[in-house]
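Engineer: Take this sequence and fold it.
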Amino acid sequence: MKKTISSILSLVLIFSSVLVLFMYDLGKAEAAVYNVGSTRLYQDEDNPNLYYFVGMVYYDVWKNNAGQWTDEGHKPGDTVATVDGGTYQFTFASGRRVKDITVKPFDFN
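Structural biologist: Next up is the predicted model:
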């Protein structure tokens with residue numbers, strides 16, 4: 001009886017180890033790619049060829065176990081000048097061409 005239980009536990013351990021090895025992806029960490037379709041673009045009321053898009057990102061701010069603020073020491077209420085939100089990939093209807101792109105941070109003042 002003990003030999004049977006030991007064998008079953010050994011098989012479960014081996015099987016779970018194999019599953020972890022093949023199911024866990026150790027690939028490179030890459031920036032997110034956000035697909036932006038026509039439903040997320042805002043068309044200008046005065047110019048039907050002009051569209052706007054606002055990219056939204058977040059920045060984690062928390063204290064570690066030592067009570068220090070994470071990353072570059074940013075804490076709630078600070079202004080973070082540069083936040084990498086990933087890559088935006090725009091999809092337009094066929095026959096559309098992009099003539100010009102202007103990218104600027106939102107001025108909240």
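Engineer: show me where the protein has helices.
Structural biologist: For the chain, the helices defined by DSSP state H cover 2-23.
Engineer: Centroid-nearest residue for it?
Structural biologist: residue 32 (4.3 Å; C-alpha atoms, centre = their mean).
Engineer: mind checking pLDDT for it?
Structural biologist: Listed pLDDT for residue 32 reads 72.
Engineer: Let me know the outermost residue of this protein.
Structural biologist: Largest separation from the mean C-alpha position in the chain: residue 1, at 51.3 Å (C-alpha atoms, centre = their mean).
Engineer: What degree of burial does residue 49 show, as a neighbour count?
Structural biologist: Counted with other C-beta atoms under 10 Å, residues neighbouring residue 49 total 8. All C-beta atoms are positioned from the backbone trio N, CA, C, and that covers glycine.
Engineer: and what of residue 90?
Structural biologist: Per other C-beta under 10 Å, the neighbour tally for residue 90 reads 16.
Engineer: do the same with residue 61
Structural biologist: Residue 61 has 15 nearby residues by other C-beta under 10 Å.
Engineer: likewise residue 37?
Structural biologist: If you count neighbours by other C-beta under 10 Å, residue 37 ends up with 11.
Engineer: How about residue 36?
Structural biologist: 14.
Engineer: pretty sure it contacts residue 86?
Structural biologist: No: using C-beta atoms under 8 Å, residue 36 is not in contact with residue 86, being 11.3 Å away.
Engineer: give the contact list for residue 61.
Structural biologist: With contact taken as C-beta atoms under 8 Å, 6 or more residues apart in numbering, residue 61 is in contact with 69, 70, 74, 75, 76, 78.
Engineer: if you set the cut-off to 7 Å instead, what comes out?
Structural biologist: By C-beta atoms under 7 Å, 6 or more residues apart in numbering, residue 61 lies in contact with 69, 70, 74, 75, 76.
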